[in-house]
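Novice: sharing a model that was predicted from the sequence below.
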Amino acid sequence: MKERLIYFDNAATVWPKPESVYKYMDEFFRSHGVNPGRSGYDLAIEAGSLLDRTRQRLTKFFGGDEDAPSRLIFGYNVTDALNLAIPGLVGQGEHIVTTNLEHNSVIRPVNHMVRDHGAEATFVPFNAQGFVEPDAIRKAIRPNTRLIIVNHGSNVIGTVQPVKEIGAICREHGITFVVDTAQTAGVIPINMKEMNIDVLAFTGHKALMGSMGIGGLCVRKHVEIRQIRSGGTGVRSANPYHLEEYPWRLEYGTPNMIGVASLWAGQDWLDEHGVESVHRQEMALAKILVEGLRKIEGVRLYCCDNLDNHLSTILMNLNSVEPGDVGVMLDVDHSIATRTGLHCAPLVHRQLGTEETHGGVRFSVGAFNTEEDVSAAIAAVEEIAKWARERQATKQNRFALVTR
Ligand SMILES: Cc1ncc(COP(=O)(O)O)c(C=O)c1O
């Protein structure tokens, strides 16, 4: 039987989740698994109350408009949320500025707006350290720029973008600023008002410590997102069209209440442990990892010379070994889970020059990793690197023999 799996794929989804989250989801589903806000009996009202209180709690957590918590809307995940925000904000002939750091959950909806709906888009590159420079965003703005959308924390190289400065540029030009916080919500404190964020997109299953299948948007009061889907809302059923008021404007059908419950319990856990303190602990481990990997001959690290403004997500490659093969060896021989390949962010790899060599190996440290896990990861990469060097030497000797 395999020994314990050492999990370094927290950027894909944080796992495991706190025990208290599992427990609360189970209890809530058993005791309140009815449709919220659709019926007038006590249990449905209680379920609806958790929905409303979670909207309020997350609005506060993100520094949104606390007097308008209905503008915190729930969907399936951040991809779903961005698919409401992007087409709901941009139309034909309008221009979007975004970056090479984006996940496909931004790249593809933006590209569809361009190809299918006559919008225009500019993808701004990041600098050699992995940061998008606010000035580069400023230069990309055109008279018809309607939306700027930026990935707060890269899921590939872990750099955290200067969103406050980018947001200030958006304010100056009256452009709506959307931020994808998939990697940062629950990791670094976010305040939409202070950071000039107009629309924040989040996903529940990462550092918010919730389940898969829940995510959403927090929309500031001065922003209007066009409603593009329609269906049941549980209220004003006689209306032949979808409701314009929030949250219904951007919500459709029965909500994922177990997911909402998971976010509620996730907030309890984050309150208890402290967002900043968990991040400090993760970064301490990431530093040990980077220092250890750096010493291994043949390892190449990307954009982590300085870990300030960085997440605990580290990208590496090993000379002459396919990243996918490194991942398989880490898993099969060492029980270490990483994510290899392009990480749904092909433009990052294209700019780094790693697209042609099939991406990289990503270690993402989470709240439940230990120093022991990190030591095991360094030792495992060391062993694979040694094997790769020996294989390379054998190949060269063989080649020398036939070309002598
Ligand atoms: C930066 C970023 N954006 C978007 C996503 C998509 O998240 P989800 O699959 O929860 O929609 C991810 C997931 O890895 C991500 O890292």
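Specialist: All right, it came through fine. Numbering: from 1, shown residues only.
Novice: could you tell me how many residues sit around Val187?
Specialist: Counted with other C-beta atoms under 10 Å, the neighbours of Val187 add up to 28. From N, CA and C alone the C-beta is placed, and that goes for glycine too.
Novice: that one and Asn155 touch, don't they?
Specialist: No: applying C-beta atoms under 8 Å as the test, Val187 and Asn155 come out as separate, 11.6 Å apart.
Novice: list residues touching both of these two?
Specialist: Shared contacts of Val187 and Asn155, defined by C-beta atoms under 8 Å, 6 or more residues apart in numbering, are absent.
Novice: up against the ligand, what does this structure have?
Specialist: Residues of the chain found near the ligand (C-beta under 6 Å from any ligand atom) are 12, 77-79, 103, 105, 151, 155, 180, 182-183, 203, 215.
Novice: okay if I get those as a markdown table plus neighbour count?
Specialist: Output for the residues of the chain next to the ligand, formatted as a markdown table (neighbours: other C-beta atoms under 10 Å):
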| residue | neighbour count |
| --- | --- |
| Ala12 | 18 |
| Asn77 | 23 |
| Val78 | 27 |
| Thr79 | 20 |
| His103 | 23 |
| Ser105 | 24 |
| Asn151 | 31 |
| Asn155 | 26 |
| Asp180 | 30 |
| Ala182 | 27 |
| Gln183 | 26 |
| Thr203 | 29 |
| Gly215 | 29 |
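Novice: restricted to strands, list these.
Specialist: Asn151, Asp180, Thr203, Gly215 (DSSP state E).
Novice: if the first one is in a bridge, with which residues?
Specialist: It refers to Asn151. Beta bridges link Asn151 to Asp180, judged by DSSP bridges.
Novice: next one: the third one
Specialist: Counting by DSSP bridges, Thr203 forms beta bridges with Gly215.
Novice: quick one: it from Ala238, how far?
Specialist: Distance, Thr203 to Ala238, using C-beta to C-beta, to the nearest Å: 35 Å.
Novice: now the last one
Specialist: Distance of Gly215 to Ala238, given as C-beta to C-beta: 31 Å.
Novice: which is the next helix or strand following the helix or strand that His349 is a member of?
Specialist: Here His349 sits within helix 346-352, counting by DSSP states H and E. Using DSSP H and E, the next helix or strand after helix 346-352 towards the C-terminus is strand 360-364.
Novice: which residue ranges of this structure form helices?
Specialist: Applying DSSP state H to the chain gives helices spanning 19-32, 42-61, 78-89, 104-117, 134-140, 163-173, 257-273, 275-294, 323-334, 346-352, 371-403.
Novice: pipe those helices into a markdown table and attach mean pLDDT per row.
Specialist: A markdown table is the format used below for these (pLDDT from 0 to 100):
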| stretch | mean pLDDT |
| --- | --- |
| helix 19-32 | 98 |
| helix 42-61 | 97 |
| helix 78-89 | 98 |
| helix 104-117 | 98 |
| helix 134-140 | 98 |
| helix 163-173 | 98 |
| helix 257-273 | 98 |
| helix 275-294 | 98 |
| helix 323-334 | 98 |
| helix 346-352 | 98 |
| helix 371-403 | 91 |
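Novice: closest to Thr313 out of these?
Specialist: Checking these against Thr313 by C-beta to C-beta gives helix 275-294 as the closest, at 7.8 Å.
Novice: the closest one to strand 360-364, inter-axis angle?
Specialist: Interaxial angle of helix 275-294 relative to strand 360-364 (axes from the mean of the first three to the mean of the last three C-alpha atoms, to 10 degrees): 140 degrees.
Novice: residues in contact with helix 275-294?
Specialist: Contacts for helix 275-294 (C-beta under 8 Å, 6+ apart): 158, 186-189, 207, 270, 299, 301, 304, 307, 310-314, 316, 363, 365-367, 369-371, 373-375, 377-378, 381.
Novice: any chance of a PyMOL selection covering the buried ones in these?
Specialist: Of the contacts of helix 275-294, the buried ones can be selected in PyMOL as follows, counting by 16 or more other C-beta atoms under 10 Å:
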select buried, resi 158+186+187+188+207+270+299+301+304+307+310+311+312+313+314+316+363+365+366+367+369+373+374+377+378+381
